[in-house]
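**Student:** quick one, fold the following:
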Amino acid sequence: MSPAAPEGAQEGTPESAPEAGAGAGAALELLVHGVGGATPQGMLDDPRTVRITGDGTAAIHRRADDVHAESDPARFRDGPVPEAYCWSNLTSGNGTRALWLLLLPFMVVNLAHWMRPPAPGRSGSARLYGVLVRLVALSLTVLLTAAACEVALDLAAWQCAGAAACTDDRSWLGFLAAADGGWWSQPGRRLTVAAAVPTALVALLWYLSNRTWSAYEAQRPPRGDDEHDDHPDADHQPDTGHHPDADQPDTDRAALGRPGFWYGRRLVARLRAAHTAAGLLTVAAAVAGAAARHDRGADSALRAAVGWCIEGALLAGAVVVVAVVCRRGRSERRLDNRVDRALITWLPGSAAVLLLVAALYASWSRPGWTSSGSLPGDATFGVIALTQGCLVLVLAAVAVRLHRRAPDPRTALRGLAGPAVSLLACALGGVMAGGVAQRVADWLDGAGTPGTGDGPIAGPPVMLSWQAAVIPALLLVLLVPVVYLVARTALTARRLARVVEAEYADERPDPVRTRRIARARATAGLTDSAPGLAGLLSAATLLLGAGAVAGAWLSGEVPGKAFDGAPAFVDSVAEAAQSLGSWLVGLGFILFVTWGRRAYRDASARRTIGILWDVGTFWPRAAHPFAPPCYAERAVPDLTWRMASWTGRTGGRLVISGHSQGSVLAAAAVRQLPARTRRRVALLTYGSPLERLYGRWFPAYFGRVPLGDLHHEVHSWRNLWRHTDPIGGPVGLPADGTRPQVDHPALRDPVVYGRTDDHPLPEPILGHSDYQADPVFARERAALLDRLPPALPLPLPRQRGTGPDDTDGTTPQGSSGRSSG
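**Tutor:** Numbering: from 1, shown residues only. Presented below is the predicted three-dimensional model:
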């Protein structure tokens with residue numbers, strides 16, 4: 001068993017002596033790997049495995065010798081048959097998925113939607129919370145599109161193409177150069193050509209969202225026939241706090257157990273149409289705005305009237321987009337398979353027509369019109385930043401109101417996690433927008449400094465320079481808690497050294513070994529400091545961002561020029577902050593691009609990026625349709641179908657065994673099962689972030705009450721954890737009379753302190769990996785099987801038509817049942 005296995009790999013399934021309960025009928029262990037992925041060979045500890053159901057993206061595998069285990073009762077005398085569900089290709093597959101890294105702000109704001117505090121009796125506040133997050137998400141789409149317009153329309157077509165000193169060394173801009181006097185040299189026509197860049201970006205985002213929905217998320221859960229829900233915000237109904245059973249309607253089920261929770265087709269389609277329209281309208285406004293402003297100062301009343309009409313139409317389109325985003329939330333209580341076809345067709349289509357009209361209007365011949373300075377409308381970025389700040393503040397007020405209704409001391413940031421993460425998403429969007437604008441401006445400006453007037457172009461909007469200038473101050477603020485955490489970890493490690501020696505009191509002390517174990521425990525505890533660090537970062541971002549907006553609007557100059565005439569020290573600090581901030585924001589964008597390029601070529605780097613997405617893309621796209629796809633909308637129905645079909649077919653006992661992120665998938669899948677199936681299923685979690693991460697950051701779905709409900713719903717549940725695990729931890733659910741405590745006492749790590757006859761070499765500190773290497777794992781799995789009701793006797797007659805794929809689920813699916821190894 002290799003201790004260096006990838007995180008989440010479940011290698012070496014222990015098959016020790018006959019387990020308790022062996023021979024009591026069919027028994028299955030459904031293994032679900034965690035962060036970083038795993039191979040079926042490693043999970044099943046066998047080089048010969050067979051894919052029995054699934055495809056190249058996600059599939060269930062068995063050992064070749066166990067394919068027909070249900071036909072051989074003697075097979076179950078030695079314990080359950082293991083099956084491996086491999087889902088790693090949902091997050092870390094081919095190289096094109098590295099492009100998802102550029103969608104990071106969209107993914108982060110989507111997380112904020114799910115961080116809502118519990119809302120018992122507060123359906124109105126919960127609905128308002130969802131609307132506000134969706135509006136923040138919409139502003140990010142506008143920000144990204146505006147950044148593309150800034151680069152293509154303002155810096156390249158308006159400023160550089162209008163200055164001979166800039167186009168002389170750039171032949172690719174020659175046909176747009178104002179100095180050449182060609183047909184395309186008029187400013188409006190240059191803007192029309194440049195508009196192809198942001199338009200292509202919006203079209204690409206629409207394509208990726210539509211394609212990934214079909215590939216990843218269009219999986220119907222195995223529930224009833226009801227497919228419609230007419231409530232506009234079904235997910236925001238009051239939490240009942242009831243424990244669902246077979247006789248209760250779905251309206252009383254916990255959120256994760258609702259039929260439509262993992263099927264958000266209708267909302268995603270609506271949001272995709274609205275965000276696509278918003279992007280196209282942003283491009284149209286950038287193209288037509290400069291021409292309309294010019295015409296209002298010229299002698300042509302006709303052109304001025306046309307300009308007013310176009311801008312009025314754009315404003316009306318923006319109002320419609322906002323109304324669509326605010327109108328409807330997720331439909332969860334019933335499986336909603338409807339699509340608002342008129343809306344998703346006409347809304348982006350109308351925006352595209354308006355963009356075409358704007359392009360034709362801008363291309364109208366205007367002899368004598370020249371471009372100078374920045375493109376009119378450079379206040380857009382300030383307006384976006386101010387709007388985002390106001391939305392986040394209102395969101396914070398709503399979150400506080402919700403949290404006070406049902407306070408929980410374990411909730412991250414006292415319910416303010418969603419607003420904090422929304423603000424960080426806006427900051428990430430600003431960094432990416434400012435980074436690309438600053439780098440392109442530096443390239444086009446040659447030896448000059450953008451914004452100072454010493455180069456051929458005026459540079460990007462002043463707002464972007466101010467936002468970049470506050471980044472050095474933000475890093476200095478973050479340096480304080482980082483130093484504090486480093487010092488605290490060192491002190492904690494020294495204190496834990498005595499605890500470690502006490503736990504291994506029967507072995508000879510080794511100071512070096514003790515310090516290593518204590519340091520691993522202290523470092524693992526840093527995870528619990530994440531909420532405080534995120535809160536400090538978001539507060540500093542809000543204050544410094546407000547200062548940047550105020551500085552840009554009050555001075556109208558870049559920081560380096562705004563403080564001319566101030567004391568020498570202040571002036572030098574402003575210039576240094578502007579230069580360093582511009583460099584840092586550009587460096588951040590370049591790192592995004594280079595990391596994505598490396599991931600396209602390097603499979604190991606693709607897996608690294610996939611690990612980041614395993615956590616960020618667990619949740620459905622409820623706020624931003626252009627966020628990376630939700631793998632759980634494929635994985636949870638897969639697991640639910642498998643558990644329901646196998647137990648229904650065999651009447652056997654089933655333990656679903658989830659490690660790390662796999663434990664979250666397992667818990668979500670169990671919530672989707674009918675009550676009659678849950679009576680035959682036990683849950684074994686290890687290295688699980690269910691309470692430590694998900695319970696604190698997503699309390700409405702994994703908080704103390706939802707996890708308590710899960711404890712009552714599932715037949716049996718056991719959780720294994722270690723002090724050295726930086727991700728997993730205890731669930732914290734005590735025994736309640738009829739059900740035992742969920743958490744096992746913390747496992748020893750390492751299993752053996754020093755060298756022994758049985759372990760002549762030092763045992764590794766496993767941390768988050770290789771839980772199955774501990775003998776406790778096999779004992780707890782056997783105990784869970786013993787608690788389940790007896791299985792039906794085997795062999796059972798083979799039947800057809802009992803599962804979703806019309807097989808019994810244990811026979812290889814045609815050509816897909818290939819052996820490996």
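**Student:** okay, CA-based contacts and neighbour counts for the rest of this
**Tutor:** Will do.
**Student:** can you pull the pLDDT of the residue most central in space within the chain?
**Tutor:** Centroid-nearest residue in the chain, with CA atoms, centre = their mean: G616, separated by 2.5 Å. Looking at G616, its pLDDT is 80.
**Student:** list the residues that contact it.
**Tutor:** Taking CA atoms under 8 Å, 6 or more residues apart in numbering, we find G616 in contact with M107, V108, L111.
**Student:** in helices, which of the residues you listed appear?
**Tutor:** Mapping the contacts of G616 onto helices (DSSP state H) picks out M107, V108, L111.
**Student:** let's have these in JSON lines, adding distance to S663.
**Tutor:** As requested, these are arranged in JSON lines below (distance: CA to CA, whole Å):
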{"residue": "M107", "distance to S663": "22"}
{"residue": "V108", "distance to S663": "22"}
{"residue": "L111", "distance to S663": "19"}
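**Student:** quick one: low-confidence ranges for the chain?
**Tutor:** For the chain, the stretches with pLDDT under 70 are 1-24, 92-100, 214-253, 336, 447-454, 593, 596-613, 793-821.
**Student:** N719 in helix, strand or coil?
**Tutor:** State at N719, reduced to three classes by DSSP: H, G, I helix; E, B strand; the rest coil: strand.
**Student:** pretty sure it contacts L733?
**Tutor:** No - using CA atoms under 8 Å, N719 is not in contact with L733; the gap is 10.0 Å.
**Student:** more neighbours, these two?
**Tutor:** The residue with more neighbours, out of N719 and L733, is N719; 28 against 17, by other CA atoms under 10 Å.
**Student:** could you list everything that one pairs with in the sheet?
**Tutor:** T685, D743 (DSSP bridges).
**Student:** and the host helix or strand of A577, what does it pack against?
**Tutor:** Element membership for A577, per DSSP states H and E: helix 568-601. The contact analysis (3 or more CA pairs under 8 Å, 6 or more residues apart in numbering; DSSP states H and E) places helix 568-601 against helix 417-445, helix 462-469, helix 471-503, helix 559-562, helix 603-616.
**Student:** tell me how far T677 lies from E70.
**Tutor:** From T677 across to E70, the span is 18 Å (CA to CA, to the nearest Å).
**Student:** over to D638?
**Tutor:** Noted for D638: a distance of 21 Å to E70, by CA to CA.
**Student:** just A359 next, same as before
**Tutor:** 67 Å.
**Student:** would you mind giving the secondary structure of R51?
**Tutor:** In three-state terms, and counting by three-state DSSP, R51 is strand.
**Student:** what's the separation between it and Q41?
**Tutor:** Separation of R51 from Q41 (CA to CA): 11 Å.
**Student:** help me confirm that R62 is found in a strand?
**Tutor:** Yes - R62: assigned to a strand according to three-state DSSP.
**Student:** how many residues are close by it?
**Tutor:** Neighbour count for R62, taken as other CA under 10 Å: 29.
**Student:** my guess is it contacts C86, does it?
**Tutor:** No - between R62 and C86 no contact is recorded; they are 11.1 Å apart, counting by CA under 8 Å.
**Student:** what's the overlap in contacts for those two?
**Tutor:** Contacts common to R62 and C86, judged by CA under 8 Å, 6+ apart, are P40.
**Student:** what do N719 and L733 both touch?
**Tutor:** Common neighbours of N719 and L733 (CA under 8 Å, 6+ apart) are V742, D743.
**Student:** make TSV out of the ones in helices among the contacts of G616 and add neighbour count and distance to A632.
**Tutor:** Shown next, in TSV, are these (neighbours: other CA atoms under 10 Å; distance: CA to CA, whole Å):
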residue	neighbour count	distance to A632
M107	27	14
V108	24	17
L111	30	14
